[in-house]
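[1] based on what follows, work out the 3D shape:
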Amino acid sequence: MRTALSLTLLLVITSLSTLAGVHAEIPSDGSTVATSDDETWNGTNDMDGNLTVTNGTSLTIEGDLTMATGSSITVEEGATLTVTGSLLGEELDSGLAVFDNPQSKTQLHMNFGDLAESGQLRFDFGQMIPASAMFNITIGEQTIDAAGKDHIFIDVSLNGSDLLADFDIFYPFPIQIVSVQALHSGSAQSPILSASELNHTNGSLIWNSASFTLDVQGILKVDSATIYGAEITCSGVCEIQSSTLIGSAPINVEDGASIVVNSSSILGSRTDEDIIVHDLAEITYTENQGTGGITDGWIRLLSQRQIQTNSGNITVHQTGIGYGGSTRDDFTDSNGLIDIGGSEWLRIVEWVDQHGVYHSEDAELVFTLGTPGKSWGNFSITIPAPQTPTAVVNIPLPYIEVVSIDAEDTTAEVGKGIGAMVTVRNTGDATATVNIWCYVGDNDTSTSSLTTTLTAGEEKLLPVTWWANTDGAQILNCRALIPDILKPIATNVTNVEGGNSQEVGWYIGEDTEDKPYIVYAILVVLIAIATVLFARNANKKIEASDVEEHFEEDQQEQEDAEELEDSTVWKVVDESNEEDEED
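    Here you go, the predicted structure:
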């Protein structure tokens, strides 16, 4: 008897202590509580407030816990929350987005049971549909235009037959159905289906707001459980197995965290994806059912897409970037930095679509520095687009070094050239065609042209002839001529100080000063001789012309005289003949 009584008291005390512990740890007045030891919550309970599972403790929820709107559970780093029962948001705001296009034409499949021979269905929308839109609902032979309304009624049979609703829509934005209610006159019973309860094909269940928050910095284990209306952030480790999450998407998996989702259903997202994996977070996603419609199973979203290069003004040709496979051209800034992730779509690099098919961005970047046909040439590199928030990409560049200048002598005469050998080499990673210019001090000096092409790792000896215009000790300095586009990174592509020769003493030769006068004297003599010869030739031509002219005049006078004489003789003869004839 005493033993039985002792056992009974022990069971009662244990039960009471358990209940006291449970209710003491569940806030009901908006307060904040924290676990101090490992705990297990059973039964059906309501929670209104904020709960923290502290580092080093664990909480297991085996029963049903209804969360008041605005409540929260935080799992600290080093803590564990296990859910095998359910977490149920008290107030839910969801809608079923419906579509009418070849890829996703929505249909509703409804059966309210045998209520009456005839009745009506009331469709409630999440907004007033604009009057300019086209939004027709057809069930059987009945079609109702919902444009300009926030709800409509349509006549149907409620005798237990299946009802199929089709949509004819022309409007650019999704319209949500928040509930469908069956109405009839034969009974007060009017069953209603919320958006999450509607059986549909090619619709998209959208949760417009969450009821409570679940912040996981430690470990979350959800096994054969239900979570309804939660906003879940995972910055630690989250494991979801054989469970159902409704209106609890998207799950945000922060950079550095990991999530495993297996044989589970995630239905009803507030965005276009059920899970958002940020930056380099890890995900394992197998044999799951997602929201579907236009909602992807999961995406990898980068916080940014910045690439650091080794030069400003690099042209970056981008193809296949992000979710839409965008193509564009851009330039690195003066610091060599470029951001190729200007929009969210450009930052999505992996995703599982609404049909469970995995996709990965197939993108390519072409980096080019230089100007076609100009000095030094073009330098470029082609790579797959990095799928990380930041990356470093260096274009292979030459490094042109004027190593030394070896003059053939240490003295030279002004006005005469002296030979030298210029040693140049390319210790960079790209071929370049360069011009070498030479100077004395800061001034250009007269040398033969130096242009050469150097492959990576190549060294050459270039002959050059140097002329000086003044005497004195001089040093020849030669360096690569840098094109404008490379000037900001000049020290990265050449030794800007160039190379120097040994000192050469230039002198003026002994007859150097007399040479100009001798040249002038010779020119004067040549001019004088030429003048005399020209004058003589001119005189001879004039005399010859005069003689020829006088000769022509004398000859003409003689011919005239002879002609006159002949004329006179013939005239006398004619007169004599005329006289004879008369006689």
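[2] and residue 491, what are its phi and psi?
    phi -70, psi -10 (degrees, to the nearest 10).
[3] go on, residue 76?
    Main-chain torsions, residue 76, degrees, to the nearest 10: phi -70, psi 160.
[4] also residue 347?
    Torsion angles, degrees, to the nearest 10, at residue 347: phi -100, psi 0.
[5] what sits closest to the residue most central in space within the chain if chain neighbours are left out?
    Nearest residue to the geometric centre of the chain (Cα atoms, centre = their mean): residue 340, 2.7 Å. With sequence-adjacent residues excluded and distances taken as Cβ to Cβ, 6 or more residues apart in numbering, residue 340 is closest to residue 305, at 4.7 Å. For glycine as for every other residue, the C-beta is placed from the backbone atoms N, C-alpha and C.
[6] what of residue 176?
    residue 95 (2.8 Å).
[7] what is the one you found paired to in the beta sheet?
    When assigned by DSSP bridges, residue 95 has beta-bridge partners residue 206.
[8] residues contacting it?
    By Cβ atoms under 8 Å, 6 or more residues apart in numbering, the residues touching residue 95 are 126, 176, 177, 178, 195, 205, 206, 208.
[9] what's the answer for residue 115, then?
    Listed by Cβ under 8 Å, 6+ apart, the contact set of residue 115 reads 158, 159, 160, 182, 184, 186, 187, 189, 191.
[10] just the buried subset of these, please.
    When burial is judged by neighbour count using 16 or more other Cβ atoms under 10 Å, the buried members of the contacts of residue 115 are 158, 182, 184.
[11] check which helix or strand the closest residue to residue 361 other than its chain neighbours maps to.
    Leaving aside its chain neighbours, residue 361 sits nearest to residue 349 (4.5 Å; criterion: Cβ to Cβ, 6+ apart). Element membership for residue 349, per DSSP states H and E: strand 348-352.
[12] same deal with residue 135?
    Going by DSSP H and E, residue 135 is part of strand 134-139.
[13] list the buried ones in that strand?
    135, 136, 137, 139.
[14] what do you get for stretch 385-403?
    By 16+ other Cβ under 10 Å, the buried positions in stretch 385-403 come out as 385-387, 389, 391, 393, 395, 397-402.
[15] what's the separation between the closest residue to residue 184 other than its chain neighbours and residue 236?
    Nearest residue to residue 184 in three dimensions, chain neighbours excluded: residue 119, at 3.2 Å (Cβ to Cβ, 6+ apart). According to Cβ to Cβ, to the nearest Å, residue 119 stands 51 Å off from residue 236.
[16] residue ranges of the helices in the stretch 201-350 of the chain, please?
    344-347 (DSSP state H, counting those that start in this stretch).
[17] now the stretch 351-500 of the chain
    Counting by DSSP H, counting those that start in this stretch, the helices of the stretch 351-500 of the chain are 490-493.
[18] low-scoring stretches of it, by residue?
    372-373 (pLDDT under 70).
[19] what does the chain give?
    1-24, 187-188, 372-373, 511-526, 528, 530-583.
[20] now with 50?
    1-24, 512-515, 519, 542, 544, 546-548, 550-551, 554, 561, 564-583 (pLDDT under 50).
[21] of residue 119 and residue 236, who's got more company?
    Neighbours per residue, other Cβ atoms under 10 Å: of residue 119 and residue 236, the larger number sits with residue 236, 23 against 20.
[22] quick check: the more buried one vs residue 258, distance?
    Distance from residue 236 to residue 258, by Cβ to Cβ: 8 Å.
[23] then residue 358?
    18 Å.
[24] list the buried residues in stretch 259-272.
    For stretch 259-272, burial by neighbour count (16+ other Cβ under 10 Å) applies to 259, 260, 261, 264, 265, 266, 267, 268, 269, 270, 272.
[25] what about dumping the CA coordinates of it to PDB?
    Output of stretch 259-272 as PDB, limited to C-alpha atoms (Å, rounded to 0.1, in the frame of the first residue of the first chain):
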ATOM      1  CA  ILE A 259      20.800  23.600 -45.300                       C
ATOM      2  CA  VAL A 260      19.600  20.100 -46.000                       C
ATOM      3  CA  VAL A 261      16.000  19.600 -47.400                       C
ATOM      4  CA  ASN A 262      14.900  16.000 -48.100                       C
ATOM      5  CA  SER A 263      11.500  14.500 -49.000                       C
ATOM      6  CA  SER A 264       9.700  17.600 -47.800                       C
ATOM      7  CA  SER A 265       7.100  20.100 -49.100                       C
ATOM      8  CA  ILE A 266       7.700  23.800 -49.100                       C
ATOM      9  CA  LEU A 267       4.500  25.400 -50.300                       C
ATOM     10  CA  GLY A 268       3.600  29.100 -50.500                       C
ATOM     11  CA  SER A 269       6.400  31.600 -50.900                       C
ATOM     12  CA  ARG A 270       6.400  35.400 -50.300                       C
ATOM     13  CA  THR A 271       8.900  35.700 -53.300                       C
ATOM     14  CA  ASP A 272       9.600  33.800 -56.500                       C
END
